[in-house]
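[1] okay, here's the prediction I keep looking at, along with the sequence it came from:
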Amino acid sequence: MLIETIVADAFGTNCYVVADGRSNECLVIDPGIGIADRLDEVYHRHHLKPVAVMLTHGHLDHTFSVTPVCRNSEIPAYIHPDDSELLRDPLKGFSANMAQMMGAGFEWTEPDDVATLTDHDTIELAGMKLQVQHAPGHTPGSAMFNMRGRGDEPPYSFTGDVLFAGSIGRTDLPGGSMEEMTRSLGDKVLPMDDNVVILPGHGPRSTIGDERRNNRFLKSVAAQRSS
């Protein structure tokens, strides 16, 4: 399994290029700021052809390059419908002050081909199967993408801004909800096996086992569920 991480030029957003190694097709997850040209180098180095962009949610630091990436390769972008509004107008995901700062001269074009994700769906692309887990809280349409590794590899979960190593995504931006985040952590994250490798939207990778033991947010939800 090839999973290459490219850290965007702003906000430390992780963009992932994912391929199963048995074909030249790949997926791009969360192409943020300054990613488009750097993706071309990855495609060339690994002889890859992108077939889709997968978006864990609609915040601009994860979607900034989605339209050029999709148009350059004539591929669709996948997003949960509860965040499709942010793909049409990403400024709606900012606080009023941040939206005002970005608004002057900011130009945005939605991708030509947008496909929607449904909770528990299994998406088959580039020779891989990704299970969609709708996990609102950071945004209404936040989603995680779970997939099996090849051979003896552990499973993977691209958690976006739902779960980080040692933390979780903020819930104070428009559309965020701590109540929804707590429910997502309890219903979607805690049931995962300890060996699942998490590949978050920001920061280093971790495992569900490590987060179950050390992540204070996840430990708090687990304690609430067991009481």
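    Everything's here; your move.

[2] where does pLDDT dip in this structure?
    Along the chain, segments meeting pLDDT under 70 span 96-105.

[3] go again with 90.
    Residue ranges of the chain with pLDDT under 90: 1, 10, 21-23, 91-108, 149-152, 225-227.

[4] where along it do the strands fall?
    Assigned by DSSP state E, the strands in the chain fall at 2-7, 14-19, 25-29, 49-54, 77-79, 114-116, 122-125, 128-134, 143-147, 156-160, 163-164, 167-168, 197-200, 206-207.

[5] tell me the most buried of these?
    Of all the strands of the chain, strand 156-160 has the most neighbours on average by mean count of other CB atoms under 10 Å, namely a mean of 26. Glycine gets a C-beta too; all of them are placed from N, C-alpha and C.

[6] got CSV for the strands of the chain, with distance to residue 36 too?
    Listed next are the strands of the chain as CSV, based on distance: least, CB to CB, whole Å:
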stretch, distance to residue 36
strand 2-7, 11
strand 14-19, 10
strand 25-29, 10
strand 49-54, 11
strand 77-79, 13
strand 114-116, 18
strand 122-125, 20
strand 128-134, 22
strand 143-147, 21
strand 156-160, 20
strand 163-164, 25
strand 167-168, 28
strand 197-200, 20
strand 206-207, 28
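
[7] of those, which is nearest residue 40?
    Across the strands of the chain, residue 40 has its closest neighbour in strand 49-54 (10.0 Å, CB to CB).

[8] need the CA coordinates for that closest one. CSV is fine.
    What follows is strand 49-54, C-alpha atoms only, in CSV (Å, rounded to 0.1, in the frame of the first residue of the first chain):
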residue,chain,number,x,y,z
LYS,A,49,-3.0,8.4,-12.4
PRO,A,50,-5.5,10.0,-10.0
VAL,A,51,-9.1,8.9,-10.4
ALA,A,52,-10.9,10.9,-7.6
VAL,A,53,-10.5,13.4,-4.9
MET,A,54,-12.0,12.5,-1.5
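
[9] out of the strands of the chain, the one nearest residue 216 is which?
    Per CB to CB, nearest to residue 216 of those: strand 167-168, 8.4 Å.

[10] nearest to residue 224, of the strands of the chain?
    Per CB to CB, nearest to residue 224 of those: strand 167-168, 14.4 Å.

[11] what strands line up against the closest one, and which way round?
    According to DSSP bridges, strand 167-168 forms sheet pairs with strand 163-164 (antiparallel).

[12] and for the partner strand, what are the contacting residues?
    Here strand 163-164 makes contact (CB atoms under 8 Å, 6 or more residues apart in numbering) with 144, 169, 185, 189, 198, 200-203, 206, 211, 215, 218.

[13] let's see it at 7 Å
    If you take CB atoms under 7 Å, 6 or more residues apart in numbering as the criterion, strand 163-164 is touched by 189, 198, 200, 202-203, 211.
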